[in-house]
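A.B. asks: this is a predicted model, with the sequence first.
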Amino acid sequence: MNSTYKKEIWYTLVFSLLLLICGHSGLLFVAVPGLRDIMIMGFPSQYCIPVALGWLGLMVVVVIQAKLTNDLDDEIEALTSTNTTSKTKG
Amino acid sequence: MEQQKWVLENPTLGIIFVAASFVAFYFIGWYSARAAKSSTDYWTAGRNIGALANGLGMASSFMSLATFMGVTALILKLKVPFVYMWIQFALSIPLITLWYGTPLRRMGAYTPAHFVRERYGLSTSYVTVIFMILVMLMYALGQMIGVAKVFEMLFGINYTVALVCGGALIVGYVAIGGMYGTSYNAAFQMVLMGIAFIVPLGAIMKAMGGTGWYFPPLLYADMVPAMLEAVPDFFDMKFGFKWYFSLIPCFTIGAMGLPHLGMRIYTSKNLKSARGAMVWFTFFCGIVFSATYTMGFSGVFFQATSGTTIIPSDYDKITLILNSVFNPPWVLAFVIAGAIAAGLSTISANLMAIGALISQDIIATIKPNLSDKTMQIIGYSAITGGGIVAILIALNPPTFLVVSILWAFGLAGVTMAPLVIMGVWWKQANRYGASAAALISGLTYIAVSPYLFPDLTIAGGLQAKLGMSGALLCVPLTFLILTVVSMITNNIPALMARIPHEEDKRLVDSIHGWAEYDEDRYNSTKAGIIVAAISLFFVIWAVMPGGWTA
């Protein structure tokens, strides 16, 4: 139970960080001006990367987030039903 | 340079398209609402909405009239910094789902305020409900004014008539449909507005010489050199680190506190369906948001390269102007119907939230034994009442309310999101901490806005008007007060004897899916101290001068 609980906490923190990176990558270009105005696929880097990450990058993160948190729910449910069954038997 | 006021030349087709779309909205509302058998069904659509429809509905609630009007206008004015501001809104549903959406769905909540009531008690929930009704009214008001202006332009009638007629039509279909009707209508509206926005944009790009017209959201790089030549500062970041960082507390955490977004998750069939809806939301939201940036880009490009000057009061009509210049009249009519659909999807979600807050979070707590039929009548009345108040305020709206829709996001971030986040994840959060945090921080946020005491603002200008500087101070202040007051009062037995804190702690385990209670879960004092220390750092940073400009 302890490891499932820890996994829940870690997933929440790590996915929050990944989501924030996807939605706020513009901050990187404010903090490091040298990264600006490098042309990527025809757009300046400070525009191309935040727009692409804010949609396509975010899609990748949420797909993984949905998969792993669904699995975690199943794990909690299995653990809970195992405990209930063993108590009933005991 | 040619400079002229833009007017709609031939409104007939627009009227036909808008009338047809309203007939569809009413039919969908009436047809889908037949499935509602109780007041719970009315507010949560029987918790039976599938992932795709819910994902479309979630995206639709976010695609307000601003997508067609306000956003492109602000890109014309602010250029790229506004794009950054908009990108992060796509984080809302994934973050809500991750932090509290699924636990509250498991609990069977109607609104986030419902969770606040169960977790922190009645008095705290009343504080948050009042703030939430204010936020939802401000939000709905902006949309109501926008829809009335489109009606005014389309039908050639005066603003008051347009507002009353348009408002009555909207309130009618929301009240008839309930959450079932609102959800399926929102899904339909999302498809309608997506097609009405993106397909004509492709034609506009093609007419302007863009080779990536077949996929407008991303393929306009070939127009960039001409843009840089005509508008060299288009891609400039203009503002400082603090400005961009404050988008997190104001709009990212702010959106997490908006009740009408969380309510979409509670309509899901199950938790897996809610997460599926989150994935669809990200897809649809991303494609329309990206197209919005393209439309704003095209507006600036058109103005800079064609020699036409759009007067500032017409900035919010840029989508309509580009369509009237480059597309046939029937396409413009279709775009207007899409814009109306965008406004309606947001107002309907706002009105549903106001109705649920009033009927479920106030009346049902004062009179818990009312019959289901009475609760349904109260529900209709609450939605209609909320709509009438929004219409009445919109008749002669105070300037503060019109310019402050985005400011309202910050208020939700200050008064609601931290309470729900900490309530779900930290057992030591208690009723004293939550009440004190919502009240003190909420009032501080209002006090430091430029609308009440202009001399008290933390940073003047745009960041204060939009609530960014206020939220940078007050969101961490809420976390700070909540954690510190809770940790202190948890050690005062006389105070703890007055609240059912043990029951509150058990609720935390149960909404995470744990059947058996474990005192050690979500109960770390160290975590509370870390949250308090980080919050204190940001409170101090927020009040330090500088950092807002480049």
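C.D. replies: Structure received.
A.B. asks: quick one, strands of chain A?
C.D. replies: Along chain A, counting by DSSP state E, strands occupy A:39-40, A:43-44.
A.B. asks: what's the answer for the stretch 201-350 of chain B, then?
C.D. replies: B:308-310 (DSSP state E, counting those that start in this stretch).
A.B. asks: how about the residues of it near chain A?
C.D. replies: B:217-218, B:221-222, B:224, B:235, B:237, B:239-241, B:244-245, B:247-248, B:252, B:271-272, B:275-276, B:278-279, B:282-283, B:286-287, B:289-290, B:293 (CB under 8 Å from any CB of the partner chain). In short, each C-beta sits where N, CA and C put it, glycine included.
A.B. asks: find the closest residue to chain A in the stretch 201-350 of chain B.
C.D. replies: residue B:221 (2.5 Å; CB to the nearest CB).
A.B. asks: got a ChimeraX select line for the buried ones in the residues of the stretch 201-350 of chain B next to chain A?
C.D. replies: Selecting just the buried residues from those in ChimeraX takes one command, with 16 or more other CB atoms under 10 Å in any protein chain shown as the test:
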select /B:217,218,221,224,235,237,239,244,245,247,248,252,271,272,275,276,278,279,282,283,286,287,289,290,293
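A.B. asks: nearest residue to the middle of chain A?
C.D. replies: For chain A, the residue nearest the mean C-alpha position is residue A:15 (2.5 Å; CA atoms, centre = their mean).
A.B. asks: restricted to helices, list the residues of the stretch 201-350 of chain B next to chain A.
C.D. replies: B:224, B:241, B:244-245, B:247, B:271-272, B:275-276, B:278-279, B:282-283, B:286-287, B:289-290, B:293 (DSSP state H).
A.B. asks: which helix is the longest one in chain A?
C.D. replies: Max-length helix for chain A by DSSP H is helix A:58-89.
A.B. asks: packing partners for that helix?
C.D. replies: The contact analysis (3 or more CB pairs under 8 Å, 6 or more residues apart in numbering or on different chains; DSSP states H and E) places helix A:58-89 against helix A:2-23, helix B:92-96, helix B:271-306.
A.B. asks: residue B:351: which element?
C.D. replies: Secondary structure from DSSP states H and E places residue B:351 in helix B:329-358.
A.B. asks: avg pLDDT for that helix?
C.D. replies: When pLDDT is averaged over helix B:329-358, the result is 88.
A.B. asks: next, the buried residues of that helix.
C.D. replies: For helix B:329-358, by 16+ other CB under 10 Å, it's B:329, B:331-358.
A.B. asks: give the next helix or strand downstream of that helix.
C.D. replies: Using DSSP H and E, the helix or strand that follows helix B:329-358 in sequence is helix B:364-366.
A.B. asks: how about that next one: buried residues?
C.D. replies: residue B:364.
A.B. asks: what do you get for stretch B:300-310?
C.D. replies: So, applying 16+ other CB under 10 Å, buried residues of stretch B:300-310: B:300-305, B:310.
A.B. asks: mean confidence for it?
C.D. replies: 85.
A.B. asks: before we move on, back to that, with adjacent residues omitted, what lies nearest to the residue nearest to the centre of chain A?
C.D. replies: Leaving aside its sequence neighbours, residue A:15 sits nearest to residue A:65 (CB to CB, 6 or more residues apart in numbering or on different chains; 4.9 Å).
A.B. asks: burial count for the one you found?
C.D. replies: 25 (other CB atoms under 10 Å in any protein chain shown).
A.B. asks: that one: what's it in contact with?
C.D. replies: A:11, A:15, A:18-19, B:94, B:98, B:275, B:278 (CB atoms under 8 Å, 6 or more residues apart in numbering or on different chains).
A.B. asks: confidence score at it?
C.D. replies: 97.
A.B. asks: can you check the one 4 residues further on too?
C.D. replies: The predicted structure scores residue A:69 at 95 on the pLDDT scale.
A.B. asks: can you name the two of the contacts of residue A:65 that sit furthest apart?
C.D. replies: A:18 and B:275 (15.4 Å; CB to CB).
A.B. asks: count the residues that sit near residue 30.
C.D. replies: I went with chain A, as the question did not name one. Using other CB under 10 Å: residue A:30 sits among 22 other residues.
A.B. asks: try again with chain B
C.D. replies: Residues near residue B:30, counting by other CB under 10 Å, number 13.
A.B. asks: hmm, it is touching residue B:181, no?
C.D. replies: Yes: because the distance of 7.2 Å satisfies CB atoms under 8 Å, residue B:30 is recorded as touching residue B:181.
A.B. asks: so of the strands of chain A, which one's packed in deepest?
C.D. replies: Neighbour counts (mean count of other CB atoms under 10 Å in any protein chain shown) averaged over each of the strands of chain A peak at strand A:43-44, with a mean of 18.
A.B. asks: and the nearest residue to residue B:459 once chain neighbours are set aside, what element?
C.D. replies: Once flanking residues are discounted, residue B:459 sits nearest to residue B:469: 4.1 Å by CB to CB, 6+ apart. Per DSSP H and E, residue B:469 falls inside helix B:468-489.
A.B. asks: can you check residue B:411 too?
C.D. replies: helix B:405-415.
A.B. asks: which residue, other than its chain neighbours, is closest to the closest residue to chain B within chain A?
C.D. replies: At 2.5 Å from chain B, residue A:42 is the closest residue in chain A, using CB to the nearest CB. Of all residues not flanking residue A:42 in the chain, residue B:221 sits nearest, at 2.5 Å (CB to CB, 6+ apart).
A.B. asks: cool, and residue A:55?
C.D. replies: residue B:286 (3.2 Å).
A.B. asks: what of residue B:340?
C.D. replies: residue B:18 (5.5 Å).
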